[in-house]
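Trainee: okay, here's the prediction I keep looking at, along with the sequence it came from:
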Amino acid sequence: MSDHSLKGKYVVIAGGGKNLGGLLARRFAENGAAGIAVHYNSAGSKADAEETVKAVQDAGAKAFAIQGDLAVVANNAALFDEAKKQFGGIDIAINTAGVVIKKPIAEVTEADYDRSFDANAKAAFFFLQQAGRSLNDGGKILTIVTSLLAAYTPFYSIYGGGKAPVEHFTRAASKEFGERGISVNALGPGPMDTPFFYPAETKDSIAYHSTAAALSPFTRSGLTNIGDIASIVTFLVTDGWWITGQTIFANGGYTTR
């Protein structure tokens with residue numbers, strides 16, 4: 001039987017410097033991963049990425065940080081090429097990156113549209129493409145999308161719309177890469193309690209999303225705990241390898257489909 005644990009595995013995490021990506025990097029290292037490539041998008045995230053690299057190294061794994069806008073196709077190739085150079089191979093690729101733009105449709109500019117679809121769709125597609133080209137047989141690929149794909153709500157047209165194509169990319173990639181034993185999935189969390197969530201929101205919308213009764217049948221805050229999401233990601237790229245081609249919503253009952 002193939003070993004689907006994290007032990008000895010090499011991982012690429014897009015958006016791996018902080019928030020969910022940073023937590024995954026740390027958890028994977030603590031659970032036996034041999035190396036983590038920590039991608040970050042902009043200079044503003046460099047310090048977080050370097051801190052994550054140190055934490056991974058302190059846990060006994062190899063790690064390096066690499067910057068790049070993944071909407072630039074060549075940067076995806078550079079990310080995976082550097083990981084293969086440093087690690088010798090790649091077993092798991094996870095894309096946690098994205099951009100939230102929350103506006104009424106009437107106020108969306110062409111620049112807003114391009115920024116959202118570049119970060120949420122184009123970058124995701126070419127990350128998937130390069131992962132499929134680069135991963136070892138039996139590898140796992142996961143993209144973080146959003147539970148808004150199962151919601152009926154205003155103001156997130158170009159965020160949800162930008163993430164929506166990833167569902168189809170995921171299905172197609174799972175069929176194309178499956179003959180090599182590579183699983184491909186997408187995971188849609190609810191609004192997560194991280195700095196990624198708050199900039200697009202107002203005081204009232206934050207209060208609403210934080211109200212358990214409004215968003216979840218559970219009694220705690222409606223905001224998604226990234227620790228819970230990290231556990232689901234870990235399952236999907238280890239023991240859950242038989243799951244493929246799926247978009248899975250994990251949000252405490254916030255949305256369903």
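Mentor: Perfect, thanks for sending it. Only a predicted model underlies this, so the values are computations on that prediction, with no experimental measurement involved. Residues are numbered from 1 along each chain as shown.
Trainee: so what's the residue positioned nearest the centre of the chain up against?
Mentor: Centroid check for the chain by Cα atoms, centre = their mean gives residue 96 as the closest residue, at 2.0 Å. Residue 96 sits next to 13-16, 19-21, 24, 144 when contact means Cβ atoms under 8 Å, 6 or more residues apart in numbering. Where C-beta positions appear, they are placed from N, C-alpha and C, glycine not excepted.
Trainee: who wins for neighbours among the residues you listed?
Mentor: Compared across the contacts of residue 96, residue 16 has the highest neighbour count, 34 neighbours, by other Cβ atoms under 10 Å.
Trainee: count the neighbours of the nearest residue to residue 81 once chain neighbours are set aside for me.
Mentor: The shortest distance from residue 81 to any non-neighbouring residue, by Cβ to Cβ, 6 or more residues apart in numbering, is to residue 134 (7.9 Å). Neighbour count of residue 134, defined by other Cβ under 10 Å: 19.
Trainee: closest to residue 57 among the contacts of residue 96?
Mentor: Nearest to residue 57, judged by Cβ to Cβ, of the contacts of residue 96 is residue 16 at 13.7 Å.
Trainee: and residue 79, how far is that from residue 88?
Mentor: 16 Å (Cβ to Cβ, to the nearest Å).
Trainee: circling back to that earlier point, hmm, the residue nearest to residue 81 is touching residue 80, no?
Mentor: Yes - look at residue 134 against residue 80 with Cβ atoms under 8 Å: they come within range, at 4.2 Å.
Trainee: where do the contact lists of the two overlap?
Mentor: 90, 93.
Trainee: list the buried residues in the host helix or strand of residue 80.
Mentor: For residue 80, the host element (DSSP states H and E) is helix 73-87. Across helix 73-87, burial judged by 16 or more other Cβ atoms under 10 Å covers 75-80, 82-84, 87.
Trainee: looking at these, which is nearest residue 247?
Mentor: residue 76 (21.4 Å).
Trainee: distance check, the closest one against residue 7.
Mentor: Distance from residue 76 to residue 7, by Cβ to Cβ: 27 Å.
Trainee: quick one: low-confidence ranges for the stretch 151-257 of the chain?
Mentor: Applying pLDDT under 70 to the stretch 151-257 of the chain flags the ranges 192-223.
Trainee: at 80 what do you get?
Mentor: Applying pLDDT under 80 to the stretch 151-257 of the chain flags residues 191-224, 253-254.
Trainee: need the helices for it, in chain order.
Mentor: Taking DSSP state H, counting those that start in this stretch as the criterion, the stretch 151-257 of the chain contains helices spanning 157-163, 165-177, 203-209, 212-215, 226-236.
Trainee: report the buried residues of the last one.
Mentor: Read it as helix 226-236. 226, 229-230, 233-234, 236.
Trainee: mind exporting that helix as CSV, just the C-alpha atoms?
Mentor: Taking C-alpha atoms only, helix 226-236 is exported to CSV below (Å, rounded to 0.1, in the frame of the first residue of the first chain):
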residue,chain,number,x,y,z
ILE,A,226,-8.5,28.1,10.5
GLY,A,227,-7.4,25.3,12.8
ASP,A,228,-10.5,23.3,11.7
ILE,A,229,-9.8,24.0,8.1
ALA,A,230,-6.1,23.0,8.4
SER,A,231,-7.3,19.6,9.8
ILE,A,232,-9.5,19.0,6.8
VAL,A,233,-6.7,20.1,4.4
THR,A,234,-4.4,17.6,6.1
PHE,A,235,-6.9,14.8,5.7
LEU,A,236,-7.4,15.5,2.0
